[in-house]
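> here's a sequence, model it:
(one chain, ligands or ions: 1)
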Amino acid sequence: MCCDGTLFHSVVLQPSDSPRTLSSLGLTLKRKPGLTTFRQPCSAHQNNQCAIYENRPQRCRLFNCQQLLRVASGEITQSVAQETIASTREKISQVVEKIERLTETNPNQGLTQRISVALANTAPCLERTELEAAMSEIQSILEKEFRVREEDN
Ligand code: SF4
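Numbers count the residues shown, from 1 in each chain. Below you'll find the model as predicted:
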C-alpha cells in the first residue's frame, strides 16, 4: 500500500539518494529545481515487491507504517498486523470492484486518482454514493492504521 499509490501520491528524493542511479534502475523521476520526486504507484513496484529493494530511496528505507511501528514496540503481534493489512486490502479490492462497475479508469493510477476519475465521470446514483461511502471508510482506516505523522517516522 505504501508503494502502489494507496497511501502516497509521490515520494521526495533525499540528498543521500542518487537520481542518476535510481533513474538507471528504472525509477521514473520528476525533476524540478531543488526537488526530485517519483510518483506513486511506483514504477519499481512489480509483482507486489520492490524491484530495486537493495537500492531503494532513503524515504522508502525510513518509512514505517503504524502497523510496523506497533509490532516493533510490542503493542500488537505480527499476526494482528497481518490481519489488519489483509482486511484493509480486501476492502480496497471491493472499492476497486465498485470503481470498475461504474466506469473505466486507468489501473496504473493510484486508488485515490481512480476514485476521483470515477466520481467525476458518474452521475449521482446509488452506486456512486456507495463508492463515496466506501472510500471514506478506507481513508479513515488508512489514517487510523497506516499513515504516520512525519515526526513518528
Ligand atoms: S522504490 Fe521500492 S520501496 Fe520505494 S516506493 Fe518504489 S517499490 Fe516501494
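
> what strand or helix carries residue 138?
helix 126-145 (DSSP states H and E).

> packing partners of that helix?
Judged by 3 or more CB pairs under 8 Å, 6 or more residues apart in numbering; DSSP states H and E, helix 126-145 is in contact with helix 66-73, helix 78-102, helix 111-120. Backbone N, C-alpha and C define where each C-beta goes, glycine included.

> how about those helices in TSV, adding mean pLDDT and mean neighbour count?
Formatted as TSV, those follow (pLDDT from 0 to 100; neighbours: other CB atoms under 10 Å):
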stretch	mean pLDDT	mean neighbour count
helix 66-73	97	16
helix 78-102	95	14
helix 111-120	92	18
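
> wait, which of these is closest to the ligand?
Between the ligand and those, the shortest gap by CB to the nearest ligand atom is with helix 66-73, which sits at 13.1 Å.

> mind exporting the C-alpha coordinates of the closest one to PDB?
These are the backbone C-alpha positions of helix 66-73, laid out as PDB (Å, rounded to 0.1, in the frame of the first residue of the first chain):
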ATOM      1  CA  GLN A  66       1.700   2.400  12.000                       C
ATOM      2  CA  GLN A  67       1.300  -1.400  11.900                       C
ATOM      3  CA  LEU A  68       5.100  -1.900  11.700                       C
ATOM      4  CA  LEU A  69       5.700   0.600  14.500                       C
ATOM      5  CA  ARG A  70       3.100  -1.100  16.700                       C
ATOM      6  CA  VAL A  71       4.600  -4.500  16.100                       C
ATOM      7  CA  ALA A  72       8.100  -3.200  16.800                       C
ATOM      8  CA  SER A  73       7.000  -1.600  20.100                       C
END
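
> please see if that helix touches the ligand.
No - using CB under 6 Å from any ligand atom, helix 66-73 stays clear of the ligand, with a minimum separation of 13.1 Å.

> which strands and helices lie in contact with that helix?
Taking 3+ CB pairs under 8 Å, 6+ apart as contact, the helices and strands that helix 66-73 lies on are helix 78-102, helix 126-145.
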